[in-house]
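J.: Mind looking at a prediction? Sequence and model below.
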Amino acid sequence: MTDRDRGFVKINGKWYRIDLNTYKCADIVDFSPRAATPGGSVIHSELGLYQPLMLTDWRHGFGFHWYTDAMGYLRTEGNVDTRHEGIAMMFTKPVSSDTDNDAKEGFTTFNGAVWAWGADGLRKYSGGAWSNVYSSVAVNFALSTGSYLFYCPDGGRIRKVNTSAVHSDAGNDSNAADYKWLIIHNGYIYAGKDGSNAIHYDSNDDLSALEGTTSDPNVIYCGGGGMATLGAFVYAGNLYVSRADGLWMIGDDKVARKALDFTAELSSANFRSIAVHNGYVLFPIRDQILQWNGLRYVDRTPNRLTDTFPYVTYGRFDNFVAVGNFLFCTARTNEAGYTESLLCFDGVGWHILANLITDGGGSISAMGYDTVNNYLWYHHDDDTADVTYYIPFQGQSVFPYSSFSTTGTHSLITSRLDMGFRYVTKSLRSVRVEASNINYSDGTGGSERWLTVYYSIDGGSWAEWGGSGNGVIDENGVVELTNPLGTTDSTLEFDYAQLRIDFHTNTAAQSPILESVTLQFLMRPDEAYGHSFAIIAATHGEHGNFEDTRTAKEIIAALKTARASKAPIAFTDPFGTESQVYISAMNIQAQEYFGETEGDVDIESVVAVSLVEVGRGIS
């Protein structure tokens with residue numbers, strides 16, 4: 001006697017006789033033509049077999065590690081500008097301007113010129129050239145008031161220069177010395193002593209009455225002694241002074257009161273720089289950026305840069321500069337051979353505009369906006385070759401100035417694209433790239449500009465679409481790239497993918513423009529099958545040469561036990577194929593009453609059963 005003599009199907013270790021004509025097996029996995037989209041809606045089959053996933057807006061910065069909507073990308077590399085609605089383009093390259101190794105710690109403008117101060121004194125940029133103005137001793141700070149530029153020699157008496165370029169001492173006497181910072185507020189100029197919590201002030205335009213001793217009647221002590229003030233800023237009509245342990249507000253009564261307490265996070269990195277941007281104050285506390293509205297603050301720290309361990313993140317935030325709707329700052333990666341980048345905050349997300357240091361050498365010691373020339377200045381403080389650079393801004397526009405890099409790699413890298421189903425395999429047939437300002441023949445011409453598309457599958461290495469030279473976007477409008485493997489009708493299969501778009505130009509005045517990327521994909525989840533059939537529940541039923549010893553009631557009870565199982569149960573179909581299933585539905589239809597048998601009511605029945613195989617990749 002064989003198993004087939006016991007029945008056609010086996011459920012949960014028991015054989016059952018079925019009406020073979022009722023047996024059906026169907027593929028229950030419905031894929032791309034009726035796939036759910038990340039937004040939760042259903043794509044119907046009339047839209048075609050392959051479905052589109054479109055990325056149309058590159059604003060709001062890096063940090064979207066999984067695709068959630070049409071905005072966002074993981075990061076950029078090189079000089080790429082993603083701040084503007086609907087486009088991504090190259091960002092202006094820096095220009096080397098001062099290479100005499102004079103270390104700079106800050107910039108300001110006065111009398112139609114740019115002034116920089118630092119360890120080598122005071123320098124001036126005018127007429128396209130730099131010159132030494134004061135080099136007797138290091139300068140801690142400089143403040144432009146319109147009539148004068150005041151500067152603070154380290155350890156020396158405060159000085160001033162007027163609009164006629166005449167330099168002279170400022171302050172009441174020689175005790176008006178060794179100041180670290182200056183600020184104007186409500187008719188007074190405040191001056192913080194270097195290495196001290198003492199703040200002196202004077203209402204005279206030329207600071208002729210500024211003193212610097214403990215007996216000065218115009219002195220304010222900010223917090224307890226032993227901890228120096230770092231700087232000051234004006235926000236919402238109030239004057240605030242920073243120390244490593246918090247912020248103090250200086251009232252009209254010239255008393256310092258603590259506004260924010262960071263004693264528990266005391267660090268020399270706190271308040272390294274401060275800027276007021278779009279009605280908020282932003283400042284670093286250790287390696288976080290906090291945004292403060294005068295009452296409470298929120299964390300605005302950029303997200304991590306990479307997806308895999310060891311994760312690359314930004315820290316050492318410095319050189320905050322607000323220009324228009326944007327906040328610029330510098331940040332350093334947590335790698336040994338770190339990169340120090342120029343970041344931009346648009347009020348919602350962060351953008352990497354340029355990598356200013358790529359070899360882990362030195363730091364960006366100063367940055368400032370120049371309203372005279374419309375430049376963003378920064379200084380690379382290096383042990384071997386200090387260099388000052390500027391990035392020109394476009395007049396009457398927030399778009400980058402047309403002076404782009406013609407060398408190097410400049411890329412936009414998308415987030416990890418899983419189409420809303422992390423563990424369902426997708427099949428990618430093509431990408432459609434919408435671009436403009438493209439001019440390409442072979443990439444060697446003097447005015448050519450183009451894009452190149454690369455892909456990464458499930459975290460793998462980058463490969464150019466279709467092989468070398470085949471991923472080039474060489475015309476304006478929508479270009480569809482097919483055959484990613486370089487062979488006819490090839491596709492890519494993956495759980496998640498990333499795209500990298502490289503920007504190229506052979507002329508500094510032109511940039512290719514990326515407007516959208518659309519992936520044409522097919523959902524290919526693992527298959528699963530459903531089975532349905534009618535079991536004959538009869539007392540001592542015969543099947544071939546086998547007589548079942550169970551009563552009808554016992555057969556039905558065994559099926560109910562199998563139906564109640566919360567774990568999958570074993571199933572053998574009429575073809576002898578074994579699988580793990582759940583009983584998803586069961587319907588009992590009585591057929592004929594035979595009284596009682598072995599103490600059980602004997603009612604021959606037909607039990608309609610539906611089973612669902614356990615899926616292996618459904619999410």
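T.: The structure has been received and is ready for your questions.
J.: Isn't Asn162 up against Thr145?
T.: No: at 10.4 Å, Asn162 does not count as touching Thr145 under the criterion of CB atoms under 8 Å. Every C-beta, even on glycine, is put in place using the N, C-alpha and C of the backbone.
J.: How about the contacts made by Thr505?
T.: Applying CB atoms under 8 Å, 6 or more residues apart in numbering to Thr505 gives the contacts 90, 404-406, 448-449, 511-512.
J.: With Ser208 instead?
T.: Counting by CB under 8 Å, 6+ apart, Ser208 has contacts 170-172, 202.
J.: Between those residues, identify the one with the most neighbours.
T.: Gly171 (24 neighbours; other CB atoms under 10 Å).
J.: Make TSV from the contacts of Thr505 and add secondary structure to it.
T.: TSV is the format used below for the contacts of Thr505 (DSSP: H, G, I helix; E, B strand; the rest coil):
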residue	secondary structure
Met90	strand
Phe404	strand
Ser405	coil
Thr406	coil
Glu448	coil
Arg449	strand
Ser511	coil
Pro512	coil
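J.: Now, of the residues you listed, which are buried?
T.: 90, 404-405, 448-449, 511-512 (16 or more other CB atoms under 10 Å).
J.: how about those in a markdown table, adding pLDDT and distance to Ala564?
T.: Formatted as a markdown table, the buried ones among the contacts of Thr505 follow (pLDDT from 0 to 100; distance: CB to CB, whole Å):
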| residue | pLDDT | distance to Ala564 |
| --- | --- | --- |
| Met90 | 98 | 64 |
| Phe404 | 98 | 69 |
| Ser405 | 97 | 68 |
| Glu448 | 97 | 70 |
| Arg449 | 97 | 67 |
| Ser511 | 98 | 66 |
| Pro512 | 98 | 63 |
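J.: now stretch 355-362, how far from the chain's geometric center?
T.: Relative to its parent chain, stretch 355-362 has a centroid offset of 21 Å by CA atoms, centre = their mean, to the nearest Å.
J.: Next: stretch 196-212.
T.: Worked out by CA atoms, centre = their mean, stretch 196-212 lies 45 Å from the chain centre.
J.: What of stretch 374-393?
T.: On CA atoms, centre = their mean, the centre of stretch 374-393 falls 26 Å from that of its chain.
J.: average model confidence for stretch 611-619?
T.: Here stretch 611-619 scores 67 as its mean pLDDT.
J.: picking up where we left off before, turn the buried ones among the contacts of Thr505 into TSV, including distance to Gly459.
T.: Converted to TSV, the buried ones among the contacts of Thr505 look like this (distance: CB to CB, whole Å):
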residue	distance to Gly459
Met90	28
Phe404	31
Ser405	29
Glu448	33
Arg449	31
Ser511	30
Pro512	28
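J.: Can you report phi and psi for Ala564?
T.: phi -80, psi -10 (degrees, to the nearest 10).
J.: Can you report how many residues neighbour it?
T.: 8.
J.: How about Ala336?
T.: 6.
J.: So what's the residue count around Val298?
T.: Quick note: Val298 (other CB under 10 Å) scores 10 neighbours.
J.: To clarify, my last question referred to Gln394.
T.: There are 13 residues near Gln394, going by other CB under 10 Å.
J.: shouldn't it be in contact with Tyr375?
T.: No: applying CB under 8 Å, one finds Gln394 not in contact with Tyr375, separated by 11.4 Å.
J.: list the contacts for Ala177?
T.: So Ala177 contacts 153, 155-158, 171, 212 (CB under 8 Å, 6+ apart).
J.: Equivalent analysis for Thr213, please.
T.: Asn175 are the contacts of Thr213 under CB under 8 Å, 6+ apart.
J.: Which element, helix or strand, includes it?
T.: If you go by DSSP states H and E, Thr213 is not part of any helix or strand.
J.: Let me know the distance separating it from Ile199.
T.: 13 Å (CB to CB, to the nearest Å).
J.: And for Val424?
T.: For Val424, the distance to Ile199 - CB to CB - is 63 Å.
J.: and these two? which has more neighbours close in?
T.: Ile199 (25 against 19).
J.: Not counting its neighbours along the chain, what's nearest that one?
T.: Ile220 (4.4 Å; CB to CB, 6 or more residues apart in numbering).
J.: Which element, helix or strand, includes the one you found?
T.: If you go by DSSP H and E, Ile220 is part of strand 219-221.
J.: Just give me how far that strand sits from the chain centre.
T.: With CA atoms, centre = their mean, you get 43 Å for strand 219-221.
J.: next structured bit after it?
T.: Trace forward from strand 219-221 with DSSP H and E and the next one is strand 229-235.
J.: in that next one, what counts as buried?
T.: Buried, per 16+ other CB under 10 Å, within strand 229-235: 229-233, 235.
J.: Against which helices or strands is the helix or strand where Asn132 lies packed?
T.: Here Asn132, judged by DSSP H and E, is contained in strand 129-134. Helices and strands touching strand 129-134, by 3 or more CB pairs under 8 Å, 6 or more residues apart in numbering; DSSP states H and E, are strand 121-126.
J.: Got the domain ranges for this structure?
T.: The chain is divided into the following domains under automatic domain parsing: 3-29+527-613, 33-91+411-523, 137-266.
J.: ok, of the ones you listed, where does mean pLDDT dip lowest?
T.: domain 33-91+411-523 (a mean of 87).
J.: So what touches the host helix or strand of Ile289?
T.: Using DSSP H and E, Ile289 maps to strand 288-292. For strand 288-292, the external contacting residues (CB under 8 Å, 6+ apart) are 260, 280-284, 297-302, 317, 329.
J.: and the strand holding Asn132, which strands flank it?
T.: Sheet pairing for strand 129-134, assigned by DSSP bridges, gives strand 121-126 (antiparallel).
J.: Give me the distance from the partner strand to the chain's centre.
T.: With CA atoms, centre = their mean, you get 38 Å for strand 121-126.
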